[in-house]
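Q: What follows is a predicted structure for the sequence shown.
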Amino acid sequence: MSKSKIKRIAINTGGGDAPGLNAVIRAAVVSAEKRGWEVYGIRDGYNGLFLPERYPEGGVIRLTRKNVRGITHLGGTILGTTNKGNPLKYPTKGKGDKWYEKDRSDEILRAFKKMKIDALIAIGGDGSLSIANEFAKKGLRVIGVPKTIDNDLDKTVITFGFDTAVSFATDCIGRLHSTAQAHQRVMVVEVMGRYAGWIALNSGISGTADVILIPEIPYDINKVAAKIKDRDRGHRYFSIVVVAEGAKAIGGSTSVIGKELGRAERLGGIGETVAHQIQDLTGKETRVVVLGHLLRGGAPTTFDRLISLRFGAAAIRALDEGKSGVMVALDPPTVRYVPLADATHRMKTVPPNCDTVLTARDLGISFGD
C-alpha cells in the first residue's frame, strides 16, 4: 500500500534545455502509471497555466506511456521550457508601458487545486528548483530533479546534461587542434557554464587545452600570453585556450551582454575579449569559437540517458514514499533524497585546489594565475 495517497501529478521543465529532459519525463510517466497515477505536463515551465491561449492543444497536457514512447534519446523537451516565466517574479505590465515583477505563485496553487493535482515534479536547475522550494514551503508536494549542463547544483555529484555538454565540447576542442596547428594560430574556445567552470575545466583537460580560464580562478592575461610565448619557444606554434563564459580577470568583472526583467543576466563576450588581448600581447593570429547553445543540443550520452531515467523513476518513488520538498541526487552508487533548501542554498563551483585542477596543473595547463 502506497504511503502517498496520490492520484494525479504534474511535471514541468524550466530554465535552459539540457540533453536528458525527455528521458526524465518518460521514466516519471511510466513509473507513475505503474502505480495507477495520472500524469499531466505543464507547457513551458509554468506558462502553460499563465498563458493557456498560446497552446492550441492546451497549456496542460495529459502524459501517458503511449505519448512518451521513443523519446529517451531525443534532446530538448517535449513540454518546452523557458527562463522567463518565474512565477515568483513574473514580468507584468503595469500602468502605461512600465513593467514590474509580480508574485503569481498563489495562482499556480489555485490552478493545481482546481485540477486536483496532488504533487509536482519540477525538473530544472538552481533557479527552477529554488522556485519549487518556495512552492514546497507553501504546502505543495514537490520533488525536484537536478538538470543543468553547468553542473552547479549542490548536493548531487552530477546533474544530467553535463556529461553530454562536456563530451561535445571535448570533441570540438579536439577538432580545433589540427586547424590551429596548420595555421600556427591561437584558438580561443568559449563554453557555457555561467558562474561555474565545470564544463571548461573538464573539456579543457580532456581536449588537451593549453590554457583554461574559469570563474573560480581569476586570471592575469599577461600570464596567459607568457604561456603561449613559452610554447612558441618550444616550437609548438599553436595554442588552445578554453574560456568559461563566466571567467574574469584578476580585479575584473564578469562579461554580461544583457539583462531582462524576470530572467537571469546573460553572460558572454569573454572569448572575444581574451582573443583580442592575446593577439595584442603575442602578435599571433587568434580566432574565437563560441560553442554556446550547441552544448545544450543533441542526443544525450549514455551516461546522461541512464542518470535521467534513474532520476525520473526515483522522483516517483520519493512521492510514493511520502516525501516532499526534496531533490533526487546522485550519491554513487545510489540515488538519494536531499532537501531542496540544501540543494539550492549555494552554487556548486569548482574548488580551486580540487584533484581535477591539480591534475591540469601537473599536465602543464595554465589557469592564467
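A: The structure has been received and is ready for your questions.

Q: can you tell me which residues contact H276?
A: Residues counted as contacts of H276 (CB atoms under 8 Å, 6 or more residues apart in numbering) are T286. All C-beta atoms are positioned from the backbone trio N, CA, C, and that covers glycine.

Q: Ends of stretch 361-369, what's the gap?
A: 11 Å (CA to CA, to the nearest Å).

Q: buried sites along that stretch?
A: Across stretch 361-369, burial judged by 16 or more other CB atoms under 10 Å covers 365-368.

Q: Secondary structure for these - can I get that in CSV?
A: Formatted as CSV, those follow (DSSP: H, G, I helix; E, B strand; the rest coil):
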residue, secondary structure
I365, coil
S366, strand
F367, coil
G368, coil
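
Q: nearest to G269, of the residues you listed?
A: Closest to G269 out of the buried residues of stretch 361-369 is G368 (17.4 Å), distances taken as CB to CB.

Q: Pull up the gap between the closest one and N222, please.
A: 9 Å (CB to CB, to the nearest Å).

Q: in the stretch 1-150 of the chain, which spans are strands?
A: Applying DSSP state E, counting those that start in this stretch to the stretch 1-150 of the chain gives strands spanning 8-13, 38-42, 60-63, 90-93, 99-102, 119-124, 141-146.

Q: elements contacting the fifth one?
A: For strand 99-102, the packing partners by 3 or more CB pairs under 8 Å, 6 or more residues apart in numbering; DSSP states H and E come out as strand 90-93.

Q: Show me what the strand it packs on is packed against.
A: Looks like strand 90-93 contacts strand 99-102 (3+ CB pairs under 8 Å, 6+ apart).

Q: Restricting to C-alpha, output the strand it packs on in CSV.
A: Listed next in CSV are the C-alpha coordinates belonging to strand 99-102 (Å, rounded to 0.1, in the frame of the first residue of the first chain):
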residue,chain,number,x,y,z
TRP,A,99,6.8,46.5,-16.4
TYR,A,100,7.3,45.1,-12.9
GLU,A,101,7.8,41.7,-11.3
LYS,A,102,4.7,40.2,-9.7
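
Q: Would you list the strands that it pairs with, along with their directions?
A: Strand pairing for strand 99-102, using DSSP bridges, gives strand 90-93 (antiparallel).

Q: residues of the partner strand that come out buried?
A: Applying 16+ other CB under 10 Å to strand 90-93 flags Y90 as buried.

Q: Show the average pLDDT along that strand.
A: In this model, strand 90-93 has a mean pLDDT of 87.

Q: Would you check that H73 makes contact with T302?
A: No. The pair H73 / T302 is not scored as a contact, 10.1 Å apart, by CB atoms under 8 Å.

Q: pLDDT at the residue of the chain most remote from its centre, what is it?
A: Distance from the centre of the chain peaks at R233, with 39.6 Å (CA atoms, centre = their mean). R233 carries a pLDDT value of 95.

Q: which residues of this protein fall in helices?
A: For the chain, the helices defined by DSSP state H cover 21-34, 47-50, 105-115, 126-137, 162-183, 198-206, 221-233, 270-282, 302-320, 340-344, 355-362.

Q: quick revisit: closest one to R26 among the strands of the stretch 1-150 of the chain?
A: Here strand 60-63 is closest among these (CB to CB), at 9.1 Å.

Q: buried stuff in the closest one?
A: 60-61, 63.

Q: Can you tell me which of the residues you listed is closest to F112?
A: After measuring those against F112 - CB to CB - the closest member comes out as V60, at 10.0 Å.

Q: so that closest one sits right up against D44, yeah?
A: No. Counting by CB under 8 Å, V60 stays clear of D44, with 11.0 Å between them.

Q: which intervals of this structure have sub-threshold pLDDT?
A: 1-4, 259-263 (pLDDT under 70).

Q: let's see 50
A: Along the chain, the parts satisfying pLDDT under 50 run over 1.

Q: Tell me how it divides into domains.
A: Following automatic domain parsing, one gets these domains for the chain: 8-160+300-332, 165-296+351-362.

Q: Output those in a markdown table; the columns should cover distance to A343.
A: A markdown table is the format used below for those (distance: least, CB to CB, whole Å):
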| stretch | distance to A343 |
| --- | --- |
| domain 8-160+300-332 | 4 |
| domain 165-296+351-362 | 14 |
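
Q: out of those, nearest to L340?
A: domain 8-160+300-332 (3.9 Å).

Q: okay, how far is it across that closest one, tip to tip?
A: End-to-end span of domain 8-160+300-332 (CA to CA): 31 Å.

Q: can you check stretch 151-164 too?
A: 11 Å.

Q: just to revisit the earlier point, including distance to I121, could the buried residues of stretch 361-369 go into CSV?
A: Shown next, in CSV, are these (distance: CB to CB, whole Å):
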residue, distance to I121
I365, 40
S366, 43
F367, 39
G368, 42
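
Q: Excluding sequence neighbours, find me the nearest residue to the residue nearest the centre of the chain.
A: Centroid-nearest residue in the chain, with CA atoms, centre = their mean: T148, separated by 2.1 Å. If the residues on either side of it in the chain are set aside, T148 comes closest to G125, at 3.7 Å by CB to CB, 6 or more residues apart in numbering.

Q: if I pick the one you found, what's in contact with it?
A: G125 neighbours (CB under 8 Å, 6+ apart): 14-16, 146-148, 150, 152-153, 159.

Q: May I ask which two of the residues you listed are separated the most?
A: Counting by CB to CB, the most remote pair of these is G14 and D152, 15.3 Å apart.

Q: Quick check on the two: which one has the bigger neighbour count.
A: It is G14, of G14 and D152, that has more neighbours when counted by other CB atoms under 10 Å, with 27 against 24.
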